[in-house]
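Chemist: sequence first, then the predicted structure, then my questions.
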Amino acid sequence: ARHKAWRVKGQMQYIAEKLKFGTSEKELASIFANAAKELLKARKLLLREISDLPGFLVNEKDKVTTSGKDRGTKEKDDSKEENGAPRAKL
């Protein structure tokens, strides 16, 4: 959260201190939109509405997971896709 606040602070300082008078409304609105986007993403991360943790692939039969605990245990023929096409080797 502090990092996002620091980044947004930098954008606001740029507007206040370095942006030339007469800058187009479109450019100014773009900077504000970017700052708002960063703040909204930080809010979602804090409220755990989204996660920015990377997932990982445990092995080629497993799905992408963040903990490894949700790996499937069902035995099935993994040599073919659900549509019957041969599965590509990773």
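Modeler: Received the coordinates, thanks. Residues are numbered from 1 along each chain as shown.
Chemist: in the longest helix seen in the chain, which residues are buried?
Modeler: Ranked by residue count and defined by DSSP state H, the top helix of the chain is helix 25-46. Applying a neighbour-count criterion of 16 or more other Cβ atoms under 10 Å, one finds 35, 38, 42 buried in helix 25-46. (C-beta placed from N, C-alpha, C; glycine too.)
Chemist: so what does it touch, helix or strand wise?
Modeler: helix 2-17 (3 or more Cβ pairs under 8 Å, 6 or more residues apart in numbering; DSSP states H and E).
Chemist: and the contacts of the longest helix of the chain?
Modeler: 1, 4-5, 7-8, 11-12, 14-15, 19, 50-52 (Cβ atoms under 8 Å, 6 or more residues apart in numbering).
Chemist: can you list the weak-confidence ranges in this structure?
Modeler: 56-90 (pLDDT under 70).
Chemist: give me that answer again for 50
Modeler: 75 (pLDDT under 50).
Chemist: mind checking how far residue 12 is from residue 52?
Modeler: 23 Å (Cβ to Cβ, to the nearest Å).
Chemist: higher neighbour count, the two?
Modeler: residue 12 (13 against 7; other Cβ atoms under 10 Å).
Chemist: just the buried residues of stretch 1-20, please?
Modeler: Quick answer for stretch 1-20 (16+ other Cβ under 10 Å): 4, 8.
Chemist: find the nearest non-adjacent residue to residue 1, please.
Modeler: Leaving aside its sequence neighbours, residue 1 sits nearest to residue 42 (Cβ to Cβ, 6 or more residues apart in numbering; 5.6 Å).
Chemist: what distance do you get for the one you found to residue 28?
Modeler: Residue 42 is 22 Å from residue 28, by Cβ to Cβ.
Chemist: before we move on, what about residue 53?
Modeler: 34 Å.
Chemist: for residue 37, same thing?
Modeler: 15 Å.
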